[in-house]
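J.: just coords:
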């Protein structure tokens, strides 16, 4: 079971601000964890730059070009109170989005069966014309549209287990019956979207979780709601927005998930992918802000994708 790891040093050059939770240390922790001997068999590639043409499948051209032109030549600039850019942020965002597109190409062509993109900035909060929630471009949505256009994989699904609802991905998918988005997330919590009543054209599935919910409630949400809906959708390609900020040690939220919960949900999604789309999965890093919990959870997720014991 060949698994590809994509990353790029440019993603470390996206500087936020002192004390900001979405820091380069997050990616360093992930890459350090994935340098352990058990991950030696991973295929590894540097993430290429996405082109503007790749990104305009989901973001208007004027927005893409305007955001890239807005990057400061020194210091930092606040897009909003939470979303910060620096001189290296534009290149990081292009590499993060490019990683997902390259992962799609590798998996669709049979070079790898699965891929994990260890990148930042994250993407699932980025709406068509609004960067927000630490996110500039919506990496996973760009990848989904890339898969459809370049490889004819008509039905793309995104499963998002980040503790925050992926409002941007939902906004991009909700009117297209051949795109499926499902999310478990703490509610109430930023960004305030993701009510169970938000169903798009029957292609959006949200299962809000109460503060303090643990793995039992998380697993039940998948067993009873998300996995049956995903099987019914029968995707040609499966994407995972892999946020690990639902971990019990994470400082930004209040769920009580642990590494075995991430192993379990990864295995369940792999089972659906094996039956629906020849096992094709691309996973990309979203949140996770306790460095130790992030490193352990990502390791568990990637090891599971590889088919190895955690």
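T.: Good, I have the coordinates. Just so we're clear, the structure is a prediction, and the values are computed from it rather than from any experiment.
J.: could you list the paired strands of the lengthiest strand in the chain along with their orientation?
T.: Longest strand in the chain, counting residues (DSSP state E): strand 179-186. Pairing partners of strand 179-186, with direction, according to DSSP bridges: strand 156-160 (parallel), strand 204-209 (parallel).
J.: can I get these in JSON lines with distance to residue 79?
T.: C-betas here are computed from N, CA, C, even on glycine. Listed next are the strands paired with strand 179-186 as JSON lines, based on distance: least, CB to CB, whole Å:
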{"stretch": "strand 156-160", "distance to residue 79": "22"}
{"stretch": "strand 204-209", "distance to residue 79": "26"}
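J.: among the ones you listed, which is nearest residue 236?
T.: Closest to residue 236 of these, according to CB to CB: strand 156-160, at 6.8 Å.
J.: how many residues are close by residue 99?
T.: Number of residues near residue 99 (other CB atoms under 10 Å) recorded here: 32.
J.: highest average neighbour count across the strands paired with strand 179-186?
T.: Using mean count of other CB atoms under 10 Å, the stretch among these with the largest mean neighbour count is strand 156-160, at a mean of 28.
J.: what's the helix or strand that that strand is followed by packed up against?
T.: Later in the chain than strand 156-160, the nearest helix or strand by DSSP states H and E is helix 167-173. On a contact count with 3 or more CB pairs under 8 Å, 6 or more residues apart in numbering; DSSP states H and E, helix 167-173 meets helix 139-151, strand 156-160, strand 179-186, strand 204-209.
J.: now find how far off-centre helix 167-173 is within its chain.
T.: 13 Å (CA atoms, centre = their mean, to the nearest Å).
J.: pLDDT (mean, whole number) over it?
T.: In this model, helix 167-173 has an average pLDDT of 98.
J.: low-confidence ranges, the chain, go.
T.: Counting by pLDDT under 70, the chain has low-confidence residues at 1, 309-310.
J.: at 90 what do you get?
T.: The chain contains residues with pLDDT under 90 at 1, 308-310.
J.: just the helices in it please.
T.: 24-33, 52-55, 61-69, 89-108, 139-151, 167-173, 215-221, 227-233, 259-277, 291-306 (DSSP state H).
J.: with distance to residue 180 added, can I get those helices in CSV?
T.: Converted to CSV, these look like this (distance: least, CB to CB, whole Å):
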stretch, distance to residue 180
helix 24-33, 27
helix 52-55, 21
helix 61-69, 25
helix 89-108, 16
helix 139-151, 9
helix 167-173, 7
helix 215-221, 16
helix 227-233, 5
helix 259-277, 11
helix 291-306, 20
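J.: nearest to residue 251, of the ones you listed?
T.: helix 291-306 (9.6 Å).
J.: buried set for that closest one?
T.: Residues 291, 293-306 are the ones in helix 291-306 that count as buried (16 or more other CB atoms under 10 Å).
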